[in-house]
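Chemist: Okay, predicted coordinates and the sequence, questions at the end:
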Amino acid sequence: MKSTTEYLWFNTEKHREFINITRNVEDIVKQSGITEGFVLVSAMHITAGVYVNDAESGLIADIEEWLENLAPYRLDYRHHATGESNGDSHLKSLLIHHEVIVPITNKSLDLGPWQQVYYAEFDGQRKKRVIIKAIGE
Amino acid sequence: MKSTTEYLWFNTEKHREFINITRNVEDIVKQSGITEGFVLVSAMHITAGVYVNDAESGLIADIEEWLENLAPYRLDYRHHATGESNGDSHLKSLLIHHEVIVPITNKSLDLGPWQQVYYAEFDGQRKKRVIIKAIGE
Amino acid sequence: MKSTTEYLWFNTEKHREFINITRNVEDIVKQSGITEGFVLVSAMHITAGVYVNDAESGLIADIEEWLENLAPYRLDYRHHATGESNGDSHLKSLLIHHEVIVPITNKSLDLGPWQQVYYAEFDGQRKKRVIIKAIGE
């Protein structure tokens, strides 16, 4: 069995950002020499997510609005008694989920025609990490 | 390490359908010769999902209604500026998630007594694919 | 390739509980002898979830309230025609998701500083199981 582990660092300019990281994942898989396997792409913070969907700017704005509707910014989350103000960022992370597995087939990401891997930052402007770990043969 | 990769094709009659694919996944695992490992079941399209839950028709109707409530069909998604009308299908896919990992133990799917693997089509009446990829020993 | 499979049993006192199982997962990984790989933590029931987020009691109360808002207890789910009364528990499980993959690096869980693995019981007071299965080398 082969394995490879890499970390991507982000420090976004805005509080929320959606960043296409498909190429980063693909490059790491190519360098790993893995022909058949799985690659895990997982946020290492609890106020960010990783998901697979379309690289279309209108849709991304729809996703952001939808997340805000279902997991709104509010002042009165109990979590804020700790001094934090990012309760909504935690809930958005849970809703979109913090990780995906992408299959590796014949040395490439085995994604459908429109599938792209996105990092979703919900509490940015600080250093945060994503782990990309592949196992296979 | 062993691996196997298969693709299931769907072309549903209705715009939305929920299809139990547990048997398909199990058959592919049996044929793989894998005794211990993981099988990934992942939609290759961004308007469909894969989830694990109950094979009970009332609950499936509840799930469909719940998804419609939280990710409703609307005309005014920004995504529709591209000519598409399936913004809600993308959001439903994100909500239910597009993939699951099922453990393989002693050559079988290691599912609980009521767990079934479902393909959830949110924008059907066209050819779409699911990847089933197992790795293990 | 190495693999290990363990099951955790729960029988919660309350109908809903959130239980930090990070230590249990870590202990199983340590005993497995796996240096690099993935560990799957997956509820084997369709009215429970597994997620990764913060071990902060205020946030956990926020998460519970948020799940109740988006997937409320109701009498009139179609699923209840079967004699069940836990339609909301199924929807909460789908929303939070029933499983996570945690990467194993250098014999340890490769989690970020605040990431903890939680079992979320949505229909307790009965015996239920979680599978913890690791593969790697």
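Modeler: Perfect, I can see it now. No experiment lies behind these values; they were computed from the predicted model shown.
Chemist: From here on, just use CA atoms for contacts and neighbour counts.
Modeler: Noted.
Chemist: who's residue A:134 bridged to?
Modeler: Per DSSP bridges, the residues bridged to residue A:134 are residue A:4, residue A:39.
Chemist: tell me the mean pLDDT for stretch A:11-30?
Modeler: Mean per-residue pLDDT for stretch A:11-30: 98.
Chemist: Buried residues, it. List them.
Modeler: By neighbour count on 16 or more other CA atoms under 10 Å in any protein chain shown, the buried set for stretch A:11-30 is A:12, A:16-18, A:20, A:22, A:25-26, A:28-29.
Chemist: Quick one: end-to-end distance for stretch A:44-55.
Modeler: This stretch, stretch A:44-55, spans 23 Å end to end (CA to CA, to the nearest Å).
Chemist: what do you get for stretch A:114-127?
Modeler: With CA to CA as the measure, what separates the two termini of stretch A:114-127 is 29 Å.
Chemist: ok, now stretch A:95-102?
Modeler: 19 Å.
Chemist: and the spatially most central residue of chain A, what does it touch?
Modeler: Against the mean C-alpha coordinate of chain A, by CA atoms, centre = their mean, the closest residue is residue A:50 at 2.1 Å. By CA atoms under 8 Å, 6 or more residues apart in numbering or on different chains, residue A:50 lies in contact with A:41-43, A:96-100, A:117-120.
Chemist: Is it located within a strand, as I assumed?
Modeler: Yes - applying DSSP: H, G, I helix; E, B strand; the rest coil, one finds residue A:50 inside a strand.
Chemist: which parts of chain A sit against chain B?
Modeler: A:1, A:36-37, A:51-54, A:56-59, A:61-63, A:66, A:70, A:95-96, A:103, A:105, A:111-115, A:136-137 (CA under 8 Å from any CA of the partner chain).
Chemist: What subset of these is buried?
Modeler: Here, 16+ other CA under 10 Å leaves A:1, A:36-37, A:51-54, A:58-59, A:62-63, A:66, A:70, A:95-96, A:103, A:105, A:111-112, A:115, A:136-137 buried among the residues of chain A next to chain B.
Chemist: now, which of the residues you listed lie within helices?
Modeler: A:58-59, A:62-63, A:66, A:70, A:95-96 (DSSP state H).
Chemist: Please list which of those also come close to chain C.
Modeler: Among these, chain C is touched by A:70, A:95 when using CA under 8 Å from any CA.
Chemist: if we take the ones in helices among the buried ones among the residues of chain A next to chain B, which one ends up nearest to chain C?
Modeler: Minimum distance to chain C across those is 6.8 Å, recorded for residue A:95 (CA to the nearest CA).
Chemist: My read is that the closest one contacts residue C:94, right?
Modeler: No - the criterion here is CA atoms under 8 Å, and residue A:95 misses it with residue C:94 at 10.2 Å.
Chemist: quick one, strands of chain A?
Modeler: Under the criterion DSSP state E, strands of chain A are mapped to A:2-10, A:17-20, A:37-43, A:48-53, A:99-105, A:108-109, A:116-121, A:128-136.
Chemist: List the strands paired with the shortest one, with their directions.
Modeler: Strand pairing for strand A:108-109, using DSSP bridges, gives strand A:99-105 (antiparallel).
Chemist: and the strand it pairs with with strand A:37-43, angle?
Modeler: 160 degrees (axes from the mean of the first three to the mean of the last three CA atoms, to 10 degrees).
Chemist: what sits up against strand A:99-105?
Modeler: A:29, A:34-43, A:49-52, A:109-111, B:5, B:40, B:133.
Chemist: Next, the angle from that strand to strand A:128-136.
Modeler: Using the same axes, to 10 degrees: strand A:99-105 against strand A:128-136 is 30 degrees.
Chemist: any idea which residue of chain A is furthest from its center?
Modeler: residue A:81 (27.5 Å).
Chemist: how many other residues sit next to the closest residue to residue A:41 other than its chain neighbours?
Modeler: Counting by CA to CA, 6 or more residues apart in numbering or on different chains, residue A:41 lies nearest to residue A:132, which is 4.7 Å off, once chain neighbours are set aside. Using other CA atoms under 10 Å in any protein chain shown, residue A:132 has 23 other residues around it.
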